[in-house]
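Undergrad: the sequence and its predicted three-dimensional model are supplied below.
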Amino acid sequence: MKTPGPVLAEQIRRIEDSKLFSFRSGQLPTWCPGCGYFGIHAGINAALWQLGIPHHKVVVVSGIGCAGRYPFFSNTYGLHTTHGRSLPVATGVKLANPELTVLAVGGDGDGLGIGGGHLPHASRKDVNISYVLFDNSIYGLTKGQPSPSSPTGFKTKVSPSGTTERPLNATLMALSYGASFVARLFAGEPGRIGEIMAQGIRHPGFSFLHVYTSCVTFDKEYKTWDHLKEWVHPIPEGHDPSNFRAAMNLVLDDDFATGLVYQRGGNG
Ligand SMILES: Cc1ncc(C[n+]2csc(CCOP(=O)(O)OP(=O)(O)O)c2C)c(N)n1
Ligand code: SF4
């Protein structure tokens, strides 16, 4: 590899010294090269950097899975809990110390499968935490089984003829459960994740960020990442995120519009 010249080397050093990079822990992510999770990591770091929250005032809570490893890669406090349990633990952390910025993170298997019973209650209680769902439509850590959000016909080594079930729609679920801040995003757009995540953290209630991503290692058949790159597009201008019915209609009509879907006051 070519060694960078002195100007580029200085630029790299300044970027690496910046607060943005200070939210990365010393442990390099163990995710596979090309995994969409790197984009989500960059987006979350950008949000924390933009808001200038001190590291010791942030707690990231995860369940189990590739996404569940997130706290190890974040230079904040962190809890790696049991499968599907990030939301109740994050809620407890926030109640114990409301001054903390509390993020729950995890995969679709973690949040919609084994932990599926927690999203309704975190949403309707409108606890002031942010939940980032890393939705790659597959169980990554356990090597590629279909998940509750896999599209019908999803082929994996354990579903060689394609799944027959209908997928869960996490954005629609959070909206209908009463979350006061709902956004849908794409891992290939970390800047957008950072911007909307910062709004979600500032929002005085439960903010739900549904991030479409993909498992480049085990999703060989359906190739979700390639589809996403083609299908994802911004929510049409003129959408009023304070209008619940408009938000429901948007989500019912369009699976791939990304941006801020809905926001109302929040309970704090
Ligand atoms: C109680 C329990 N059941 C099952 C498992 C096995 N397990 C570990 S990770 C995982 C699925 C993870 O998938 P997902 O949440 O989508 O996250 P990803 O790995 O794709 O990030 C499963 C089933 C476990 N660790 N604990
Ligand atoms: S197995 Fe899939 S989800 Fe897990 S790190 Fe690798 S690419 Fe990402």
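TA: Sure thing, it's come through. All figures in this text were calculated on a predicted structure; none of them were measured in a lab. Ligands and ions are numbered 1, 2, ... in the order given.
Undergrad: now the residue most central in space within the chain: phi and psi?
TA: Nearest to the geometric centre of the chain sits residue 132, at 3.2 Å (CA atoms, centre = their mean). When read as degrees, to the nearest 10, the backbone of residue 132 gives phi -110, psi 110.
Undergrad: which residues sit in contact with it?
TA: By CB atoms under 8 Å, 6 or more residues apart in numbering, residue 132 lies in contact with 40, 44, 103-106, 197, 209, 211. For glycine as for every other residue, the C-beta is placed from the backbone atoms N, C-alpha and C.
Undergrad: let's go with 10 Å and repeat that
TA: The contact partners of residue 132, taken as CB atoms under 10 Å, 6 or more residues apart in numbering, are 40, 43-44, 47, 60, 62, 67, 70, 86, 103-106, 111, 183, 185, 193, 197, 200, 207-211.
Undergrad: measure the nearest residue to residue 232 once chain neighbours are set aside to residue 39 for me?
TA: Leaving aside its sequence neighbours, residue 232 sits nearest to residue 186 (CB to CB, 6 or more residues apart in numbering; 4.5 Å). To residue 39, residue 186 is 8 Å away according to CB to CB, to the nearest Å.
Undergrad: spell out which parts of the stretch 151-268 of the chain neighbour ligand 1.
TA: Contacts of the stretch 151-268 of the chain with ligand 1, taken as CB under 6 Å from any ligand atom, map to residue 215.
Undergrad: for ligand 2, what's its nearest residue on the stretch 151-268 of the chain.
TA: Going by CB to the nearest ligand atom, ligand 2 is nearest to residue 215 of the stretch 151-268 of the chain, at 3.2 Å.
Undergrad: residues near that residue, how many?
TA: Residue 215 is surrounded by 27 other residues when neighbours are defined as other CB atoms under 10 Å.
Undergrad: hang on, isn't it packed against residue 107?
TA: Yes - using CB atoms under 10 Å, residue 215 is in contact with residue 107, at 9.2 Å.
Undergrad: coming back round to it: now do the shared contacts for residue 186 and residue 39.
TA: Common neighbours of residue 186 and residue 39 (CB under 10 Å, 6+ apart) are 192-193, 211, 213.
Undergrad: how about the helices in the stretch 51-200 of the chain?
TA: Taking DSSP state H, counting those that start in this stretch as the test, the helices found in the stretch 51-200 of the chain are 86-96, 108, 119-125, 170-177, 190-202.
Undergrad: save those helices as TSV, and put in distance to ligand 2, mean pLDDT and mean neighbour count too.
TA: Below are these laid out as TSV (distance: least, CB to the nearest ligand atom, whole Å; pLDDT from 0 to 100; neighbours: other CB atoms under 10 Å):
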stretch	distance to ligand 2	mean pLDDT	mean neighbour count
helix 86-96	16	98	20
helix 108	10	98	29
helix 119-125	20	97	18
helix 170-177	17	98	21
helix 190-202	15	97	21
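Undergrad: could the ones you listed go into TSV alongside distance to residue 223?
TA: As requested, those are exported to TSV (distance: least, CB to CB, whole Å):
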stretch	distance to residue 223
helix 86-96	28
helix 108	17
helix 119-125	28
helix 170-177	21
helix 190-202	21
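Undergrad: so for residue 8, which of these sits nearest?
TA: Residue 8 lies closest, by CB to CB, to one member of the helices of the stretch 51-200 of the chain: helix 190-202, at 21.5 Å.
Undergrad: direction included, what does the helix or strand following the closest one pair against?
TA: Once the chain leaves helix 190-202, the next helix or strand it forms, by DSSP states H and E, is strand 207-212. Within its sheet, strand 207-212 is paired with strand 130-135 (parallel), strand 181-186 (parallel), according to DSSP bridges.
Undergrad: per-residue confidence averaged over the last one?
TA: Read that as strand 181-186. In this model, strand 181-186 has a mean pLDDT of 98.
Undergrad: so that it lines up with my notes, have the first residue be 325 from now on.
TA: Sure, I'll start numbering at 325, so the last one becomes strand 505-510.
Undergrad: pull out the buried residues from that strand.
TA: 505-510 (16 or more other CB atoms under 10 Å).
Undergrad: circling back to that earlier point, what touches both of residue 539 and residue 431?
TA: Residues within reach of residue 539 and of residue 431 at once, by CB under 10 Å, 6+ apart, are 361, 390, 458, 460-465, 471.
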